[in-house]
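>>> please find the sequence and the predicted model below.
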Amino acid sequence: MKVLLSFVFGATLCNVYGLTLPSYMKQCSISDPNVNECFKTSGNNALESVLKGDRKYKIIKMNPLELPKVDLNSGGTFTMSLKDAVIKNLKSTKILNANIQANHWEFEVSIDPMIIESQYEINGRILILPITGNGPSKITLEKGIYSYVVDLKTIEKKGVEYLAIDKSNLEAKLGHVRFHFENLFNGDKRLGDQMNTFVNENWEEFLKELYPAMVKIMRTIVDNTITGYFSTIPKKDVYAA
């Protein structure tokens, strides 16, 4: 499984540091009894600005988010890739809950719907049926609840402490997923319509094949966004003691 995100997140390799917290973010105190609510409120208030992108902090534009190529190969019964993928409606992102400790952060986030439009290529079998095709596609992830957990570590740059990601994980619970693939079976409309119907009637089984790659993509996007801020803002300015 390959996810070509280095192109869009390549700016995170630049040596920029020693910045202050951006004006659209409020600093919270870890020792505050209401720290969870503070992170939740501050995060929700900042999301619009974050999604617009902020070159100063090495954050790319994410509304919409454009990815040149994504391979959704699970090692299962089919291979699937998306080219020129555009992820839309991230502006609907809302932080529902936060659980914050100094070196361990947890967030529960809703996005409804998340829409992925791309040029797809697929080949293999879905359940008992063969599938092949390439062309425009649309995947709509409805009523999505995403749980992101990250463990942090402290690193030092020129005598100043910065936060960095030690390990992270992302899980998704989806109310429904809709798929539409054009030009299946070399443009055979009858077979293409039947396969689209079959995929959508069995969307949960189809999603199982795509799920590992999809959540890895989402986790990488979140990791790189957080790293953009962590790598440029000293730890003492990210949150207060």
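Thanks, I have the structure now.

>>> residue 138 is in what secondary structure piece?
Using DSSP states H and E, the element containing residue 138 is strand 129-157.

>>> so where does the residue in the chain sticking out farthest from the centre fall, helix or strand?
Centroid-distance maximum for the chain: residue 190 at 34.6 Å, with C-alpha atoms, centre = their mean. Assigned by DSSP H and E, residue 190 belongs to helix 189-201.

>>> now the next helix or strand after that helix and helix 189-201, what's the angle there?
Downstream of helix 189-201, the next assigned helix or strand under DSSP H and E is helix 203-230. For helix 203-230 against helix 189-201, the angle by axes from the mean of the first three to the mean of the last three C-alpha atoms, to 10 degrees is 70 degrees.

>>> now the next helix or strand after helix 203-230, how far from the centre of its chain.
As assigned by DSSP H and E, the chain's next helix or strand after helix 203-230 is helix 235-238. Here helix 235-238 is found 24 Å from its chain centre; the criterion is C-alpha atoms, centre = their mean, to the nearest Å.

>>> start the count at 44, not 1, going forward
Right, with 44 as the first residue, what we last looked at is helix 278-281.

>>> distance from the chain centre to the strand holding residue 181, please.
5 Å.

>>> just checking, what packs against that strand?
Counting contacts by 3 or more C-beta pairs under 8 Å, 6 or more residues apart in numbering; DSSP states H and E, strand 172-200 is packed against strand 147-154, strand 157-169, strand 203-224, helix 232-244, helix 246-273. (Each C-beta comes from the backbone N, C-alpha and C, glycine too.)
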